[in-house]
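Colleague: Need the 3D shape of this:
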Amino acid sequence: MQTPWGDLEVRDAHAHLFSYSFFEALRGQQREPAADVETLVSSLGWRCPPRDNAQLAAEWATELDRHGVASSVMMASIPGDEDAAAEVVRAQPERFHGYFMFNPREAKAVARAQRAFELGLQGLCLFPAMQRYSVRDESLSPLFELAARTPGAVVFIHCGVLSVGVRKKLGLASPFDMSCSNPLDVHRVALAFPKLRFVIPHFGAGMFRETLMLGDLCPNVYLDTSSSNSWTKFLTPEPSLDDVFRQALTSTAQTACCSEPTLRSFRVAGIELPDAHALERIGVSEEDAAKILGGNPLPARAVARTQCGGDVQQRVPRRGWRLGENNCRISAKRR
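Modeller: Numbering: from 1, shown residues only. Down below sits the predicted model:
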């Protein structure tokens, strides 16, 4: 993909899969269900995805090619849609890495998660505010133990503000609980499982300070830069995207600029690189940009740890860049 540094490999580490079965599940939640999935999707003004997930994978791969994206995470976007994500990954294993939204409060949760990993999915995605639980709850320990035993597994935990646009459009209730969204709740868990990688998306979605604290204390916690970053309106004074990246990169938090671009469902309307331009403006070198944009959390690829320099390292003594097994990271200790 063309970037401010020229043509660089870009890998997207945060994209949601809206499969046919995803829309079927949403239709089942409507008070007055649409006549069929096609009618529901049409009401959103979107194109209905094919029933065949191998065909969906091929169409997504075409989108990646059109925009110059080498590969992407594909996240099943509702609990229970693991099969769809697994079928997409199986159809295009070099292009997609499967993540799955998961509800640990459901019956036989550990067995369900184990099945998802056995299907070839790699990212366990938790949304504590959505199902109203705390990741500190001891009942989740077997789930984290399972992820820790699974080679290449990543635990993705949404913190901060949570809003699901498609649910709003369909008029579906979203009784979320933000008291369950504090990134600091991840602290004890990340310390208990130091070899397990945790990803906090959207810079903590409004809880930026807490997210940086967490990353400073836990070198196995990574930050994901996806979204419009509209959460900055909750901070006073409101930082620019340049300010956000500068603070993240000069703190000891592990920063993964890992969603360039974020392709949403089946509605790709063009791709911009605001993150890349922000990185250019704060002086990130081409070498480091290549590692950031192409070295994000893709657990299927084990990348050797290598030291990399650049302007950021020169400006911030002892805080060198390090390419981890799943993204580019910065730490005073070592990302």
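Colleague: The stretch 101-250 of the chain: strands as residue ranges?
Modeller: Counting by DSSP state E, counting those that start in this stretch, one finds strands in the stretch 101-250 of the chain at the ranges 123-126, 154-157, 197-200, 221-224.
Colleague: now these in a markdown table, with mean pLDDT, distance to Val284 and mean neighbour count?
Modeller: Bear in mind the C-beta positions are built from the backbone N, C-alpha and C, glycine included. Output for the strands of the stretch 101-250 of the chain, formatted as a markdown table (pLDDT from 0 to 100; distance: least, Cβ to Cβ, whole Å; neighbours: other Cβ atoms under 10 Å):
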| stretch | mean pLDDT | distance to Val284 | mean neighbour count |
| --- | --- | --- | --- |
| strand 123-126 | 98 | 26 | 26 |
| strand 154-157 | 96 | 24 | 24 |
| strand 197-200 | 93 | 20 | 26 |
| strand 221-224 | 86 | 15 | 28 |
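Colleague: okay, those strands in CSV with distance to Gly80 next?
Modeller: Below are these laid out as CSV (distance: least, Cβ to Cβ, whole Å):
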stretch, distance to Gly80
strand 123-126, 13
strand 154-157, 17
strand 197-200, 22
strand 221-224, 23
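Colleague: And these: which comes nearest His277?
Modeller: Of all these, strand 221-224 sits nearest to His277, with 18.0 Å by Cβ to Cβ.
Colleague: could you say what helices and strands the closest one packs with?
Modeller: strand 197-200, helix 208-217, strand 255-256 (3 or more Cβ pairs under 8 Å, 6 or more residues apart in numbering; DSSP states H and E).
Colleague: Okay, helices next: where are they in the stretch 101-250 of the chain?
Modeller: With helices called from DSSP state H, counting those that start in this stretch, the stretch 101-250 of the chain shows them at 109-118, 128-131, 141-149, 165-170, 186-192, 208-217, 241-250.
Colleague: if I read this right, Ala190 contacts Ile200, doesn't it?
Modeller: No: the criterion here is Cβ atoms under 8 Å, and Ala190 misses it with Ile200 at 9.9 Å.
Colleague: what touches both of the two?
Modeller: Leu214, Val221 (Cβ atoms under 8 Å, 6 or more residues apart in numbering).
Colleague: hmm, back to that, name the stretch from the helices of the stretch 101-250 of the chain that approaches Asp275 most closely.
Modeller: Using Cβ to Cβ, these put helix 241-250 closest to Asp275, at 7.3 Å.
Colleague: burial of the closest residue to Cys218 other than its chain neighbours, as a residue count?
Modeller: Once flanking residues are discounted, Cys218 sits nearest to Ala190: 4.0 Å by Cβ to Cβ, 6 or more residues apart in numbering. Residues near Ala190, counting by other Cβ atoms under 10 Å, number 24.
Colleague: do Val244 as well
Modeller: Neighbours around Val244, by other Cβ under 10 Å: 22.
Colleague: again with Ala107
Modeller: 6.
Colleague: Retrieve the pLDDT associated with it.
Modeller: Here the pLDDT value assigned to Ala107 is 94.
Colleague: and if you look at Arg305?
Modeller: 22.
Colleague: Make 33 the first number, not 1, from now on.
Modeller: Got it, the first residue is 33 from now on, which makes the last one we talked about Arg337.
Colleague: For Val101, name its beta-bridge partners.
Modeller: Val42 (DSSP bridges).
Colleague: Next one: it relative to Thr71, how far apart?
Modeller: Applying Cβ to Cβ, to the nearest Å, one obtains 31 Å for the distance of Val101 from Thr71.
Colleague: more neighbours, those two?
Modeller: Val101 (23 against 12).
Colleague: can I assume the more buried one is in contact with Asp44?
Modeller: Yes: Val101 lies in contact with Asp44 (Cβ under 8 Å); the separation is 5.6 Å.
Colleague: hmm, back to that, buried deepest among the helices and strands packed on strand 253-256, which one?
Modeller: Most buried of the helices and strands packed on strand 253-256, by mean neighbour count (mean count of other Cβ atoms under 10 Å): strand 287-288, with a mean of 30.
Colleague: tell me the average confidence for it?
Modeller: 46.
Colleague: what's the next secondary structure element after it?
Modeller: For strand 287-288, the succeeding helix or strand toward the C-terminus, using DSSP states H and E, is helix 306-313.
Colleague: Let me know the angle separating that next one from helix 273-282.
Modeller: Per axes from the mean of the first three to the mean of the last three Cα atoms, to 10 degrees, the angle that helix 306-313 makes with helix 273-282 is 70 degrees.
Colleague: Which strands or helices does helix 306-313 pack on?
Modeller: helix 273-282, helix 318-326.
Colleague: again, only using 10 Å
Modeller: For helix 306-313, the packing partners by 3 or more Cβ pairs under 10 Å, 6 or more residues apart in numbering; DSSP states H and E come out as strand 34-35, helix 273-282, helix 318-326.
Colleague: contacting residues for Ser262?
Modeller: Val193, Ser195, His234, Ala237, Gly238 (Cβ atoms under 10 Å, 6 or more residues apart in numbering).
Colleague: before we move on, back to that, the helices of the stretch 133-282 of the chain into CSV, with extra columns for distance to Pro82?
Modeller: What follows is the helices of the stretch 133-282 of the chain, written out as CSV (distance: least, Cβ to Cβ, whole Å):
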stretch, distance to Pro82
helix 141-150, 22
helix 160-163, 27
helix 173-181, 31
helix 197-202, 18
helix 218-224, 37
helix 240-249, 37
helix 273-282, 36
